[in-house]
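In: Predicted model and sequence below, questions to follow.
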Amino acid sequence: MENLNLLLHGFGVALSVENIGAAALGAVLGIIVGAMPGIGSLAGVALLLPLTYKFNPTTAIIMLGALYYSNMFGGAYSAILINIPGDGPAIMTSLDGYPMAQKGKPGQALFTANISSFLGGLIGMIILAFTGPLLARLGLHFGPVEMAALLMVAMTSIGWLMGENPTKGVISTMVGILIACIGMDAVTGNPRYHFGNTYLLESCREPGLLQELLPAMQCRRNLKARSL
């Protein structure tokens, strides 16, 4: 009951005029930055953080929250229209959204992505608001065995995402895991697979490299198709 009262009080604060305006401004800026490939939600929030320095702390947090959520959705714009995901979650959007755009239905694809993002976020927040304490207590009981089981489920699910070639998905997953193991262990702090090279202790920043290579390949493909 106490959590529900605090939630209602939070709604009263968030629905003030200045906070709604800050959320709307953050949402618009977040979509614009999110549509730029390679930036991502965390970097987008960091770039727009100075805008909140003169704000009330509560208003600033609300604006940053709107920035983050709209940044996550903004990546769908470039993913659907030019097949270049703005961030990691938009990769799945590009698999169905870009073919729809090629068939002359970009508006329908963007509308579907927008509604799906809103409903998914809303349902997720409602579930988290009521089950957060229970999930926190459950998470404390997770050990190495449970984490390994979750990772196995995540890795094996990549096989069916690759469609007719699950072998390629499994091989790509294993290569990604090997690369991710390079550097300092996040739990114990022990170095792994650095081969005596101090630069590898910081781990390989492969996501940034992949996010830059993917737009370059897609731009080359688009230019080649236009010249034919």
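Out: Structure's in. What do you need?
In: which residues of this structure fall in strands?
Out: 183-184, 191-192 (DSSP state E).
In: Please report how far the residue sitting nearest the centre point of the chain lies from Gly74.
Out: In the chain, the C-alpha nearest the mean C-alpha coordinate belongs to Pro89, at 4.5 Å (CA atoms, centre = their mean). Distance, Pro89 to Gly74, by CB to CB, to the nearest Å: 11 Å. For glycine as for every other residue, the C-beta is placed from the backbone atoms N, C-alpha and C.
In: Comparing the strands of the chain, which stretch has the densest surroundings?
Out: Of all the strands of the chain, strand 183-184 has the most neighbours on average by mean count of other CB atoms under 10 Å, namely a mean of 16.
In: quick one: average confidence on stretch 170-180?
Out: Across stretch 170-180, the average pLDDT comes to 79.
In: What residues sit buried inside it?
Out: Of all the residues in stretch 170-180, those buried under the rule 16 or more other CB atoms under 10 Å are Thr173.
In: any low-confidence regions in this protein?
Out: The chain contains residues with pLDDT under 70 at 1-3, 38, 40, 159-164, 204-215, 227-228.
In: tell me what the longest helix seen in the chain is packed against?
Out: Longest helix in the chain by number of residues (criterion: DSSP state H): helix 106-139. If contacts are counted by 3 or more CB pairs under 8 Å, 6 or more residues apart in numbering; DSSP states H and E, helix 106-139 sits against helix 2-14, helix 57-82, helix 90-102.
In: between these, which one is nearest to Ala180?
Out: Closest to Ala180 of these is helix 90-102 (CB to CB; 17.0 Å).
In: hmm, who's touching the closest one?
Out: For helix 90-102, contacts defined as CB atoms under 8 Å, 6 or more residues apart in numbering pick out 75-76, 78-85, 106, 108-110, 112-113.
In: so which of the residues you listed is the most crowded?
Out: Within those, most neighbours by other CB atoms under 10 Å means Gly75, with 31 neighbours.
In: With respect to Phe142, which of the helices and strands packed on helix 106-139 lies nearest?
Out: Nearest of the helices and strands packed on helix 106-139 to Phe142, taken as CB to CB: helix 2-14 at 22.7 Å.
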